[in-house]
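Engineer: Sequence below, structure please.
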Amino acid sequence: MKRFSAALLCCCLMTATAVLTFAQGMDEGFEMARVVAFDHVAANAQHMENSDQYKMSMRIGDTVYSCIGSGPASTFIDWSINKEFPAKLENNNKTMLVKSPNGQIVQLTVKGRKAAK
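Structural biologist: Sure, this is the predicted structure:
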């Protein structure tokens with residue numbers, strides 16, 4: 001019985017530590033956003049400036065935001081459907097700041113939003 005109690009106490013302490021660490025890691029105003037869709041925009045010979053653009057849909061709560069972002073492939077290498085990242089809406093919901101796994105903050109332009117299904 002003592003071993004069981006000690007093991008249970010240990011599990012509770014580890015869970016509490018993990019929750020506190022996660023809560024401290026989130027900056028003010030950031031909440032978890034899930035990637036619903038992700039696609040690389042095909043390069044166009046007439047518009048080479050769009051060669052590093054990505055289209056994605058991010059879900060925060062009950063709203064899905066259609067976004068466009070640009071940057072090197074290394075910035076978006078870990079982005080895939082159903083992954084979650086800390087995100088924050090700014091400029092009256094016209095831009096979204098997303099923290100990528102490497103700690104870099106990526107600015108996305110919000111093109112539209114709709115209620116999640």
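Engineer: use CA for all of it now, contacts and neighbours both
Structural biologist: Noted.
Engineer: What are the boundaries of the helices in this structure?
Structural biologist: Listed in chain order, the helices found in the chain under DSSP state H are 2-25.
Engineer: While we're on the residue nearest the centre of it, how confident is the model there?
Structural biologist: Centrality entry for the chain: nearest residue to the mean C-alpha point is residue 85, 2.3 Å, by Cα atoms, centre = their mean. On the pLDDT scale, residue 85 is placed at 95.
Engineer: how about it, what does it touch?
Structural biologist: Applying Cα atoms under 8 Å, 6 or more residues apart in numbering, we find residue 85 in contact with 32-34, 98-101.
Engineer: Next: residue 73.
Structural biologist: residue 52.
Engineer: What separation do you get for the closest residue to residue 75 other than its chain neighbours and residue 108?
Structural biologist: Distances taken as Cα to Cα, 6 or more residues apart in numbering place residue 100 nearest to residue 75, at 7.4 Å, with adjacent residues excluded. Distance, residue 100 to residue 108, by Cα to Cα, to the nearest Å: 12 Å.
Engineer: nearest to residue 116, of the contacts of residue 85?
Structural biologist: For the contacts of residue 85, the minimum distance to residue 116 (Cα to Cα) is 11.7 Å, reached by residue 34.
Engineer: who's that closest one bridged to?
Structural biologist: As for beta bridges, residue 34 partners with residue 59, residue 84 under DSSP bridges.
Engineer: surely it meets residue 84?
Structural biologist: Yes. In this structure, residue 34 is within contact of residue 84 by Cα atoms under 8 Å, at 4.3 Å.
Engineer: Mind listing the residues bridging to the closest residue in space to residue 39 that isn't next to it in sequence?
Structural biologist: Spatial nearest neighbour of residue 39, excluding adjacent residues (Cα to Cα, 6+ apart): residue 55 at 5.2 Å. Per DSSP bridges, the residues bridged to residue 55 are residue 39, residue 68.
Engineer: wait, what's in contact with residue 55?
Structural biologist: Neighbouring residues of residue 55 by Cα under 8 Å, 6+ apart: 37-41, 66-69.
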